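Trainee: this is a predicted model, with the sequence first.
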Amino acid sequence: MRILVVEDDALVADAIRRGLDKAGYAVDHVDSAEHASSALAAESFDLAVVDIGLPGADGLTLLQRMRRNGSALPVLILTARDGLADRVSALDIGADDYLVKPFELPELIARCRALIRRSRSVSSAALALGSLRLDLAAHRAEVDGAPVNLTRREWAVLECLALNAGRVVAKERLMQAIANWDADIGANAIEVYVSRLRAKLGSALQILTVRGLGYRLDDAG
Amino acid sequence: MNAPDDAVAIGAPSIRRRLLFLLLVPLTALLGIGIYIDYRAGAEAIRSAYDRALREDALAIAAHLRDEDGNGRIDADLPPQAVAVLRADSVDSIYYAVRGADGALISGDADLPTGAARAENPSFRDVDFRGHAARVARYATQVGATDVVIAIAETTRKRGAATTRILASVVLTDLVQLAATLLLIWFGVRYGLRPLRALGAQIRQRSPRDLAPLDTPVPDEVRPLVGALNNLLATVHASARSQQRFLADAAHQLRTPLTGMIAQLELLERDAAAAQVRERIVALHQSSRRLAHTANQLLALARAEPAANVPENFQEIELEALVGEAVAAHLDRALAARIDLGADTAPVRVSGSAWLLRELLANLVDNALNYTPAGGSVTVRCGRAAIEGAPFDGAFLEVEDDGPGIPEHERERVRERFYRMPGADGNGSGLGLAIVDEIARAHEADFSIRTGSGARGVCVRVEFTAATNVRNLSGS
């Protein structure tokens, strides 16, 4: 998998390149929006990590240009400015995620992995999380190649958690996912499905309960 | 937060008082003079009317004098009926005397003096006759070839009564006029100054964050004042904006090199083979993280200051979402420290700066995680809070832990910048609660530190009570 890093600060760019390289990604680095445009035109990437504060045309302009050209490439925006306006406009323009400096490398790598997984799940209708494999078209789950028998509601909960692996998914959102199958669900139903999922998946994946908020499926990498 | 209303009133008398003083005092004096002049004119008219009557009487007496013999002996040919008619008056007494050139009495009252001759004829004077004030007319004439002087006196009761009547009616009218004038001026001044009072009320009602120019129509006289005020507001606004820009630039300049440093140290930490080198890199990594944290906090502190708070950055914020973000962001740290981090939220919105409130929550959760031992729990809450005496609900944010707590006597001090409780570990900067305090102030919110439920731990509560921040927002 190939990632384009657009960052003008040499030290930061070098750290990102090394970090992603260690995590098993092929990394191309450019230091301006112009070079990024030519790289994007010449090669194909799975993800772009774009710093907003670039010399010349900034990261948001680059992103805008990409989206105007019809590119659906997932983009993770980096910024040293933490103003709300930046975040809002980045997401409005079509950024897939947003990370404020200074960040920790593992955080950056986790976000990159999640973005790539999501975009691949759309194109291939399959999703892999550690030993768990989901066939999104056939609604089938496998752990270490062995099929896991899930009800439709259990599948809906697992799919929603897996597509957002590493993030807290609100209980309300899981309820909405189930509501597609059944309009009449009590609030406690989610707890029941999650505990059944935990039993069926065993030690393959951990579903964390976040008290008062929802659940988080651990991103096993 | 609001300064007392009379803070600037020292030494400046009110315009209303000045206007009333400057109008009422001279007007009262003028009306007083008017009353005097009216009285004088009225009294003069009465006197001349009565004097004319007295003169007629003197002429009537003269008409009855004859020098029948032509020898200079004057006969006062006054029949008793005529005298009776002359003297007939129910109110005043009338006296007369006719004297010859030598002063000998020819007819009438012997004790009535004729007085000295004057330029005009007949002449009048005021005398005191038989114990009463009287008016005397002196008329010198010739009967035949003989000079005679006629004096006729009338007591002044009728004149007095008439003068009093006139005085009463003139003064009463003038007094009514004076009272009406005073009243009109008083109301006029009050009404005339109404735009000023309205302007004052408008300024008072504004939120302290509102730096938009005043745009209500004001009278010409006040326009320069409002103009100056608007210029001041614009200046404050501009400096707030430039400070905001400066902070954003400073943040950028600090964060990028810090990011590179931290990320490189992290990589080095993994690569370092020798345990000794590794140890030093780990220490460097940790301290550069702390540096980044403190730099962030200093920026937060600077941004929370009123001067940097550009009002248009305030917007409607759903607190539930912020709480969710804060918990999610600290979840891994809580897991690593084996602390149960959770939320308990109800939908509620406030008007504020999302960035600042996010920073506020981050600092509170960070603090709670720092001071809660493994196995403990930290809960972040938000919801509506009733405000005593207000027709609308406020909102609250709360972070509660079940750690060792903050002793009562330390609760004020921990809000101070760089203050750290005795026995606190080396990781904190001592800025966390100072930031919370500053951000709460920027949102006109109350920030309190209490003991947690079950008499354990700390419960920090931020309550949004200002009408401008919660009214119409917490509905539905």
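Mentor: Great, that's in hand.

Trainee: contact partners for residue 178?
Mentor: As the question left the chain open, I've gone with chain A. A:153, A:156, A:157, A:185, A:189, A:190, A:193 (Cβ atoms under 8 Å, 6 or more residues apart in numbering or on different chains). Just so you know, the C-beta spots here come from the backbone N, C-alpha and C atoms, and that holds for glycine as well.

Trainee: could you do chain B instead?
Mentor: Contacts of residue B:178 (Cβ under 8 Å, 6+ apart): B:27, B:28, B:31.

Trainee: now the helix or strand hosting the last one: how far from the chain's centre is it?
Mentor: Secondary structure from DSSP states H and E places residue B:31 in helix B:15-63. Centre-to-centre, helix B:15-63 and its host chain are 44 Å apart (Cα atoms, centre = their mean, to the nearest Å).

Trainee: and the gap between the closest residue to chain B within chain A and residue B:381?
Mentor: Of all residues in chain A, the one sitting closest to chain B is residue A:211 (2.5 Å; Cβ to the nearest Cβ). Remark: distance between residue A:211 and residue B:381 (Cβ to Cβ, to the nearest Å) = 11 Å.

Trainee: likewise for residue A:102?
Mentor: Applying Cβ to Cβ to residue A:102 and residue B:381 gives a distance of 29 Å.

Trainee: what of residue A:192?
Mentor: 26 Å.

Trainee: list phi and psi for residue A:134.
Mentor: The phi/psi pair for residue A:134 (degrees, to the nearest 10) reads phi -120, psi 130.

Trainee: related to what we said a few turns ago, as a markdown table, the contacts of residue B:178 with neighbour count and distance to residue B:188 would be great.
Mentor: Formatted as a markdown table, these follow (neighbours: other Cβ atoms under 10 Å in any protein chain shown; distance: Cβ to Cβ, whole Å):
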| residue | neighbour count | distance to residue B:188 |
| --- | --- | --- |
| B:27 | 14 | 12 |
| B:28 | 13 | 16 |
| B:31 | 17 | 17 |
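
Trainee: what's the closest of those residues to chain A?
Mentor: Nearest member of the contacts of residue B:178 to chain A, counting by Cβ to the nearest Cβ, is residue B:27, at 62.2 Å.

Trainee: what sits against the closest one?
Mentor: B:178, B:181, B:182, B:185.

Trainee: all helices of chain B, in order?
Mentor: Along chain B, counting by DSSP state H, helices occupy B:15-63, B:80-87, B:157-192, B:194-205, B:223-271, B:275-304, B:319-336, B:354-371, B:432-442, B:467-470.

Trainee: need these in a markdown table (columns: distance to residue B:122 and mean pLDDT).
Mentor: Listed next are the helices of chain B as a markdown table, based on distance: least, Cβ to Cβ, whole Å; pLDDT from 0 to 100:
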| stretch | distance to residue B:122 | mean pLDDT |
| --- | --- | --- |
| helix B:15-63 | 5 | 86 |
| helix B:80-87 | 16 | 76 |
| helix B:157-192 | 17 | 86 |
| helix B:194-205 | 64 | 83 |
| helix B:223-271 | 71 | 86 |
| helix B:275-304 | 101 | 86 |
| helix B:319-336 | 106 | 93 |
| helix B:354-371 | 102 | 91 |
| helix B:432-442 | 95 | 88 |
| helix B:467-470 | 88 | 66 |
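
Trainee: minimum distance to residue A:98: which of these has it?
Mentor: The closest of these to residue A:98 is helix B:319-336. By Cβ to Cβ, the value is 12.0 Å.

Trainee: neighbours around the closest residue to residue B:38 other than its chain neighbours, how many?
Mentor: Once flanking residues are discounted, residue B:38 sits nearest to residue B:170: 4.3 Å by Cβ to Cβ, 6 or more residues apart in numbering or on different chains. By the criterion of other Cβ atoms under 10 Å in any protein chain shown, residue B:170 has 20 neighbours.

Trainee: residue B:170 contacts residue B:36, doesn't it?
Mentor: No - under the contact definition of Cβ atoms under 8 Å, residue B:170 does not touch residue B:36, with a separation of 9.8 Å.

Trainee: need the longest strand for chain B.
Mentor: The longest strand of chain B (DSSP state E) is strand B:132-143.

Trainee: show me which residues of it are buried.
Mentor: For strand B:132-143, a neighbour-count test (16 or more other Cβ atoms under 10 Å in any protein chain shown) marks B:134, B:135, B:136, B:137, B:138, B:139, B:140, B:141, B:143 as buried.

Trainee: could you give the bridge partners of the fifth one?
Mentor: Counting by DSSP bridges, residue B:138 is bridged to residue B:123, residue B:151.

Trainee: my read: it touches residue B:120, true?
Mentor: No - contact criterion Cβ under 8 Å: residue B:138 and residue B:120 do not qualify, at 9.8 Å.
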